[in-house]
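Colleague: any chance you can model this:
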Amino acid sequence: MASLQRTGYESVRPTHQCAETQRRFQPGELYVATLIDNPDNDEMIRLDFAVEAWEGGARPPRSPIAVWRSVESDGQPQQNLLPGTDELFAMFEGMDAEAEGRGAVFRYLLALMLMRKRVLRLVDQRVGKAGRPVLQLAKRGGPKGAPPEMFEVTDPGMDEDAIAAGIQELGTVLSSGDAPDGGEA
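Modeller: Got it, this is the predicted structure:
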């Protein structure tokens, strides 16, 4: 079973600068955050990109596990450090449904968060190709009379402790409210 766990948290905190241009973000500036696997160890690497660099074609060196938009902190403590439900859903929707390893774990944890926030609801469950449960989820809301948007998410086989730890770590990974540390990113 893959997990999001790794040896340290430093590599997944906001970098506060563009990975392409090395320019530091200004408070309130919108940027694109990405999360990739480090091929040399069991850590994840977060790379943040200025919107202009991203729109100009800048990308991480390997396929990202996740991509989302965030806003640079003004250094003040914030009540809610996680992206809103719309951003979480856009991130979930943009992820590869066939992902394996950490990508599958990340997607599963996002699905659980969206179920808890009542954005997604469980419709059915079946056994998938690998013998793992596959959750069939429907997006709540949508146009009246239209069928709901449906998603399938494979359960990566995490126990309750691993899920709790993964969701806590996911909060750290997605957090946009860390104040700049003033050091090298």
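
Colleague: any idea what sits nearest Pro148, other than its immediate chain neighbours?
Modeller: The shortest distance from Pro148 to any non-neighbouring residue, by Cβ to Cβ, 6 or more residues apart in numbering, is to Ala138 (4.0 Å). The way it works is simple: take the backbone N, C-alpha and C, and place the C-beta from them, glycine included.

Colleague: okay, and the one you found sits in which element?
Modeller: strand 133-139 (DSSP states H and E).

Colleague: what pLDDT, on average, does that strand get?
Modeller: Computed over strand 133-139, the mean pLDDT rounds to 91.

Colleague: buried stuff in that strand?
Modeller: 134-135, 137-139 (16 or more other Cβ atoms under 10 Å).

Colleague: please apply the same query to stretch 148-158.
Modeller: Here stretch 148-158 shows 151, 153-156, 158 as buried, counting by 16+ other Cβ under 10 Å.

Colleague: contacts only, for the residue nearest the centre of the chain.
Modeller: For the chain, the residue nearest the mean C-alpha position is Ala66 (5.0 Å; Cα atoms, centre = their mean). By Cβ atoms under 8 Å, 6 or more residues apart in numbering, the contact list for Ala66 reads 34-35, 91, 95, 103, 106.

Colleague: what is the nearest of these to Leu47?
Modeller: Thr34 (5.0 Å; Cβ to Cβ).

Colleague: look up phi and psi at Val127.
Modeller: phi -90, psi 130 (degrees, to the nearest 10).

Colleague: could you point out which residue ranges in this protein have low pLDDT?
Modeller: For the chain, residues meeting the criterion pLDDT under 70 lie at 1-12, 42, 75-83, 172-185.

Colleague: strands of that one, start to end?
Modeller: Counting by DSSP state E, the chain has strands at residues 30-37, 44-50, 66-71, 120-127, 133-139, 150-154.

Colleague: got JSON lines for those, with distance to Cys18 too?
Modeller: Formatted as JSON lines, the strands of the chain follow (distance: least, Cβ to Cβ, whole Å):
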{"stretch": "strand 30-37", "distance to Cys18": "7"}
{"stretch": "strand 44-50", "distance to Cys18": "4"}
{"stretch": "strand 66-71", "distance to Cys18": "13"}
{"stretch": "strand 120-127", "distance to Cys18": "33"}
{"stretch": "strand 133-139", "distance to Cys18": "33"}
{"stretch": "strand 150-154", "distance to Cys18": "32"}
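
Colleague: Arg24: which of those strands is closest?
Modeller: strand 44-50 (9.9 Å).

Colleague: now that closest one against strand 30-37, angle please.
Modeller: Following axes from the mean of the first three to the mean of the last three Cα atoms, to 10 degrees, one obtains 160 degrees for the angle between strand 44-50 and strand 30-37.

Colleague: good, we can wrap up now.
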